[in-house]
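Enquirer: Sequence plus predicted model, see below.
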Amino acid sequence: MQEVYLQEYTTEALSLFNKGKLNLKHNNYSLAAYYFQKLLCIDPQNFWAFRNLGKIATEYKLFPQAITYYQQAIDIVTFEHEAELNFIIADLAHLYLKTNAVEQAEQILLQRLETQAKCVFLHTSLAEVYENYTPALIQHSITAYKKALELKNLTWVQKKITQHQQLEYTAEISNLSLLLQGNWINLLQRECNLSNLNSVDQQQLYTILQKLPMHKFANINEFRIFLIQILMDDCELESISIQQQHKLSIALELCLKYLQTDPIATAYVYIQTLKLCKVLEQYQYNDAESIILKALLYYDTDVKVLVALLKLLIKQHQYLATQSVEQAQYQQILALIRLISSELISLDAQLFNKLDLDAIIMVHNEADKFQIKKFATIKKFLLNSSLKNEIIALNTLTQYKDLIQIDQWMTAFFDLIANYNPALLFDLEYYQQQAQLPKQLTIEQALAHYFTQGWQQRLAPHPMFDIDFIEQQLVNQQHLLNQPTLLSFLQFEKTANLIPNILINPIKLQAAVNVDKNLWLHYLSKGWQNNANISDFFDLEFYLTITKQSLNNFKIAPILDFCKTELIDCNRFFHTQFYFQQYKATLNGKIPLVHYLTEGVYLGYQAHPFIDSSNLTTSARLQQLKLTKQG
């Protein structure tokens, strides 16, 4: 970079510059300093001379003087030398690390990255800063290295990421051990940097933890929430003292750790994180954006989360309005504020008495001025634009390969079910249990999870939806296996004569509903009321006897009731509880009767404790279950 100097300066200045650079290269620091000082006498605006003097002062461990030189260099760099400024700021950040001013190093790099987000070594420098915190912020460092890797494929960066991930795993194991032992004090010291807390606050934390029982927390995140509540308990979020600020900084760090290990966190964690981001003003929009998008993805109808988001975004909009930033980022904030404020009106119009109406109105007008595209829902906004660059990077969240394709799948799904309720095909409670999602999720949010990652994990959207069985029916149409199975079923149910599982007889199903499309949907909706018996293996009369109900008492199809109810018999030749106890290790979540008909019967599994079918052929065993009225 310094070779640029050759084209810009006089012969005398160039001579001094080259002499200084040569002596610096050979570690002749005093002579190099002499030439750079002399150069500044004839060219006081030479920022490279200041930078090199900063390097020399650093070598002599004259750190305050070195900082002054670097700051002088930064102050005089002109616009056409923006790239060189990145090197100077990185040098200053590394100097701050030598003086243990880690937070200052982080601050100047984060500020520079707001306008220079594509500079690789700024990201790697930031990663090194996080390594120097006590304790080291390993996950933050990994994130910074990953951003650098996205910009340039560097082997050493990939090795760093691998090393850090191994450290994280080791740390988690160690933390788990402390958790199981109930060693709360040591766990606190591993989780938090308490050096900025005064002795009174530290002792207060120790006293609280010493009184806790041994098995108070089931996992690390429960412990983190407990600490967050304590740290934020006596802090007024509108006006905070220096000591309160230290406590809130620790609370924010714990919130971010929680989100890194569990992106589908509770609404409480998102709210606290967003509040802390706004109050502490530590994280500008670039860093808070992934938190905002995750909060929207999982809590787009949670009023408290939306209010916290709106306040943070309005504050950021007011800041960016005075800065020189990329127009795309600025317009995204406008779009989000307009979208969230509109959503809040529909959810709770009274909330607007507590919000900055003037600021919201101004944003709406500005968004109209820029002709920013409007989205009907937050979900549509996420799937069409914002998720493309940010949500992909979140740790345990899905790797979104093609968000446009995902949006098309979701659109096709809603088009195919037409006016039917999606809950008929997508059982929210059943899916939540499989995917281990929080109970607060709406069906639309769970569907978004299914279409982005659930189908790839072979999660079933419905208890009657046997993925293996459906894929066997599509064996000659391999291209359909590259999209969500639920969508393939809806698209080709009629033409390929598909059924959701082996219990259903397609001929009986067609006779029961007598419609041209969406046979299974129509049956689940109301078709079953006309003819509930659509199976060769589900004996309706036997099931009504077992459950001691009449058909009129059922609010859903009896065969669906059977699939949702644990260990009830529907066939006198198949003992559900017996089969479950005998072969539960091989069921893989399947309904016992469905498992027997698709796998167990071919493996010679016993269907009933009092009926020996070992001497029967496979077809005879299947036929035995069909003859339900002759047993």
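Expert: Good, I have the coordinates. Numbering: from 1, shown residues only.
Enquirer: only C-alpha atoms for contact and neighbour calcs from this point on.
Expert: Noted.
Enquirer: Might you list the low-confidence residue ranges for the stretch 451-600 of the chain?
Expert: Within the stretch 451-600 of the chain, the stretches with pLDDT under 70 are 478-480.
Enquirer: Show me where it has its strands.
Expert: Secondary structure of the stretch 451-600 of the chain (DSSP state E, counting those that start in this stretch): no strands present.
Enquirer: What segments of it are helices?
Expert: Ranges of helices in the stretch 451-600 of the chain, per DSSP state H, counting those that start in this stretch, are 467-473, 485-492, 506-513, 519-525, 540-547, 558-564, 576-587, 592-595.
Enquirer: Pull the number of nearby residues for the residue nearest to residue 216 when sequence neighbours are not counted.
Expert: Of all residues not flanking residue 216 in the chain, residue 182 sits nearest, at 7.7 Å (CA to CA, 6 or more residues apart in numbering). Other residues within reach of residue 182, judged by other CA atoms under 10 Å, total 19.
Enquirer: got the contact list for residue 182?
Expert: Applying CA atoms under 8 Å, 6 or more residues apart in numbering to residue 182 gives the contacts 213-216.
Enquirer: Need phi/psi at residue 611.
Expert: Backbone torsions of residue 611, given as degrees, to the nearest 10, read phi -120, psi 110.
Enquirer: got it, and the one 3 residues further on?
Expert: Backbone geometry at residue 614, expressed as degrees, to the nearest 10, gives phi -60, psi -30.
Enquirer: And the pLDDT at it?
Expert: What the model reports as pLDDT for residue 614 is 83.
Enquirer: what's the neighbour count on the residue nearest to it when sequence neighbours are not counted?
Expert: Counting by CA to CA, 6+ apart, residue 604 is the residue found nearest to residue 614 once chain neighbours are left out, at 7.1 Å. Neighbours of residue 604 under the rule other CA under 10 Å: 16.
Enquirer: From residue 241, how far off is residue 604?
Expert: Applying CA to CA, to the nearest Å, the value for residue 604 to residue 241 is 73 Å.
Enquirer: Neighbours of residue 619, how many?
Expert: Residue 619 has 10 neighbouring residues, counting by other CA under 10 Å.
Enquirer: Where does the prediction get shaky in the stretch 51-200 of the chain?
Expert: 134-135, 166-180.
Enquirer: rewinding a little: just give me the closest of the contacts of residue 182 to residue 128.
Expert: Taking CA to CA as the measure, residue 128 lies nearest residue 216 of the contacts of residue 182, at 35.7 Å.
Enquirer: Which helix or strand contains the closest one?
Expert: For residue 216, there is no host helix or strand (DSSP states H and E).
Enquirer: Angles on the backbone of it, please.
Expert: Per-residue torsions, residue 216: phi -70, psi -40 (degrees, to the nearest 10).
Enquirer: what does residue 273 give?
Expert: Backbone torsions for residue 273, taken as degrees, to the nearest 10, come to phi -60, psi -50.
Enquirer: sorry, back to before: distance check, the residue nearest to residue 614 against residue 617.
Expert: Applying CA to CA, the value for residue 604 to residue 617 is 9 Å.
Enquirer: Please apply the same query to residue 532.
Expert: Applying CA to CA, the value for residue 532 to residue 617 is 31 Å.
Enquirer: and if you look at residue 110?
Expert: Residue 110 sits 71 Å away from residue 617, taking CA to CA as the criterion.
Enquirer: Could you do residue 189 as well?
Expert: 65 Å.
Enquirer: repeat for residue 91
Expert: Residue 91 is 79 Å from residue 617, by CA to CA.
Enquirer: Those two: which has the busier surroundings?
Expert: The neighbour comparison of residue 91 against residue 617 (other CA under 10 Å) goes to residue 91, with 19 against 13.
Enquirer: Contact partners for that one?
Expert: Listed by CA under 8 Å, 6+ apart, the contact set of residue 91 reads residue 70.
Enquirer: tell me which element it is part of?
Expert: Assessed by DSSP H and E, residue 91 sits inside helix 82-98.
Enquirer: buried residues in that helix?
Expert: With burial defined by 16 or more other CA atoms under 10 Å, the residues of helix 82-98 counted as buried are 84-97.
Enquirer: can you check stretch 26-34 too?
Expert: By 16+ other CA under 10 Å, the buried positions in stretch 26-34 come out as 29, 32-33.
Enquirer: Please identify which of those is nearest to residue 536.
Expert: Using CA to CA, residue 29 is the member of the buried residues of stretch 26-34 that lies nearest residue 536, at 91.5 Å.
Enquirer: excluding its backbone neighbours, what's nearest that closest one?
Expert: Excluding its sequence neighbours, the residue lying closest to residue 29 (CA to CA, 6+ apart) is residue 56, at 6.0 Å.
Enquirer: Tell me the helix or strand right after the one helix or strand the one you found maps to.
Expert: Using DSSP H and E, the secondary-structure element containing residue 56 is helix 47-59. Downstream of helix 47-59, the first helix or strand assigned by DSSP H and E is helix 63-76.
Enquirer: And the residue nearest to residue 216, how close does it get to residue 313?
Expert: Per CA to CA, residue 182 is found 40 Å from residue 313.
Enquirer: Tell me how many other residues crowd the closest residue in space to residue 551 that isn't next to it in sequence.
Expert: Once flanking residues are discounted, residue 551 sits nearest to residue 544: 7.3 Å by CA to CA, 6+ apart. For residue 544, the count of nearby residues is 15 (other CA under 10 Å).
Enquirer: swap in the one 10 residues further on?
Expert: Neighbour count of residue 554, defined by other CA under 10 Å: 12.
Enquirer: Tell me which of the helices of the stretch 451-600 of the chain sits nearest to residue 106.
Expert: Checking the helices of the stretch 451-600 of the chain against residue 106 by CA to CA gives helix 485-492 as the closest, at 46.3 Å.
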